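Undergrad: sequence? don't have it. structure:
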């Protein structure tokens, strides 16, 4: 039987949401094994002086639990 754990990770980029998602994937792959799915749940931006400062993606990571 396979057990799957799901966690949320927030990725950030000063360039784009695409880069923010790439950062989520890169960081998840550094510490997690057996990733089965990464899905974007929420997109937002952080503003500074009325301009976009940071693009942010909240993503859900699914991975198999090793026994």
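TA: Ah, there it is. None of the values given here were measured: they were computed from a predicted structure.

Undergrad: in which helix or strand would I find residue 21?
TA: helix 17-31 (DSSP states H and E).

Undergrad: same check, this time on residue 40
TA: Assigned by DSSP H and E, residue 40 falls in strand 35-48.

Undergrad: Now do that strand, average pLDDT.
TA: Averaged over strand 35-48, pLDDT sits at 96.

Undergrad: got the contact list for it?
TA: Strand 35-48 has contacts (Cβ atoms under 8 Å, 6 or more residues apart in numbering) with 4, 8, 17, 21, 24-25, 28-29, 52-64. Heads up, the C-betas are built off the backbone N, CA and C, glycines and all.

Undergrad: check contacts around residue 21.
TA: Contact analysis of residue 21 by Cβ under 8 Å, 6+ apart lists 11, 40, 57, 59.

Undergrad: Can you tell me which of the residues you listed are buried?
TA: Neighbour-count burial (16 or more other Cβ atoms under 10 Å) applied to the contacts of residue 21 gives 11, 57, 59.

Undergrad: related to what we said a few turns ago, list only those of the contacts of strand 35-48 flagged as buried.
TA: Here, 16+ other Cβ under 10 Å leaves 17, 21, 24, 28, 55-57, 59, 61, 63 buried among the contacts of strand 35-48.

Undergrad: Assumed residue 63 was part of a strand.
TA: Yes - in this structure, residue 63 lies within a strand as judged by DSSP: H, G, I helix; E, B strand; the rest coil.

Undergrad: partner residues bridging it?
TA: Residue 63 has these beta-bridge partners by DSSP bridges: residue 5, residue 35.

Undergrad: Looks like residue 64 contacts residue 32 (just checking).
TA: No - at 9.6 Å, residue 64 does not count as touching residue 32 under the criterion of Cβ atoms under 8 Å.

Undergrad: Count the residues that sit near the closest residue to residue 53 other than its chain neighbours.
TA: Nearest non-adjacent residue to residue 53, counting by Cβ to Cβ, 6 or more residues apart in numbering: residue 46, 5.0 Å away. Residue 46 has 11 neighbouring residues, counting by other Cβ atoms under 10 Å.

Undergrad: circling back: could you dump the contacts of residue 21 into CSV and include secondary structure?
TA: CSV is the format used below for these (three-state DSSP):
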residue, secondary structure
11, strand
40, strand
57, strand
59, strand
